[in-house]
Structure formats: structure tokens, C-alpha cells
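Undergrad: Please find the sequence and the predicted model below.
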Amino acid sequence: MNELEELEELERLRWHCRRGMLELDAWLTTFLEQRYAGLPCPLRADFSALLAHDDLSLFAWLTGADEPPDALRAVLAQIKTTRHMTT
């Protein structure tokens with residue numbers, strides 16, 4: 001992926017991080033800005049897949065109110081770690 005494609009991908013992800021819940025906006029955008037670039041490709045793909053889920057599911061998974069699908073556990077753990085680093 002060339003530099004232009006990477007920038008376009010980041011902008012696409014940034015747009016999808018915009019959610020109906022302010023808390024989700026903050027958690028997802030902070031993760032994207034602070035940690036996404038250092039992720040291995042499989043976790044990047046998982047993050048992109050995570051963004052396709054609805055806000056209520058994301059909120060429940062991030063707060064521990066509900067168990068996420070196994071495929072998303074690793075990326076959710078990364079987001080939670082980032083969230084705790086910034087609070």
C-alpha cells in the first residue's frame with residue numbers, strides 16, 4: 001500500500017470512528033490516532049471489521065457489559081488499553 005492509499009484508509013477509518021455516542025467517538029478515534037499505525041495487519045483488519053458493528057454492541061463490549069465475538073477480542077483489548085492510558 002502506498003502512502004496515498006494509507007492516508008485514504010486512515011481517513012475512511014476516521015470517518016467510521018464517528019459514532020452516535022460521544023464515548024465511542026473518543027475511544028475509537030483516540031485508538032486510531034495513537035495505536036493503529038503500530039498494529040500488525042491482522043489487528044488492523046479486525047479494527048476495520050469492528051467498526052461495522054452497531055454502537056450499542058461496541059459500547060457493551062468496551063465496557064464489559066457483554067462478551068464480544070472471539071474474532072474481535074484482541075483488538076477490543078487494545079482499545080481498552082488505550083482508553084485506560086488516556087483517562
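TA: Looks like it came in fine. All values derive from a computational prediction rather than experimental measurement. Numbers count the residues shown, from 1 in each chain.

Undergrad: which residues of the protein score low on pLDDT?
TA: Where the chain drops to pLDDT under 70, the residues are 83-87.

Undergrad: repeat that for 90
TA: Residue ranges of the chain with pLDDT under 90: 1-2, 6, 20, 82-87.

Undergrad: just so I have it, where are all the helices in it?
TA: 3-17, 22-34, 41-50, 55-63, 73-86 (DSSP state H).

Undergrad: what's the shortest one packed up against?
TA: Okay, so that is helix 55-63. For helix 55-63, the elements it packs on are helix 22-34, helix 73-86, judged by 3 or more CB pairs under 8 Å, 6 or more residues apart in numbering; DSSP states H and E. To be clear about C-beta, it is placed using only N, CA and C from the backbone, and glycine gets the same treatment.

Undergrad: I'd like the helices of the chain written out as CSV, with mean neighbour count added.
TA: Shown next, in CSV, are those (neighbours: other CB atoms under 10 Å):
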stretch, mean neighbour count
helix 3-17, 12
helix 22-34, 17
helix 41-50, 16
helix 55-63, 16
helix 73-86, 15
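
Undergrad: Among the helices and strands packed on helix 55-63, which comes closest to Pro42?
TA: Relative to Pro42, the nearest member of the helices and strands packed on helix 55-63 by CB to CB is helix 73-86, separated by 8.3 Å.

Undergrad: ok now the closest one, how far from the chain's centre?
TA: 9 Å (CA atoms, centre = their mean, to the nearest Å).

Undergrad: With stretch 4-21 instead?
TA: The mean C-alpha position of stretch 4-21 is separated from the chain mean by 10 Å, CA atoms, centre = their mean.

Undergrad: just to revisit the earlier point, Phe59 is nearest to which of the helices and strands packed on helix 55-63?
TA: So among those, helix 22-34 is nearest, using CB to CB, at 6.1 Å.
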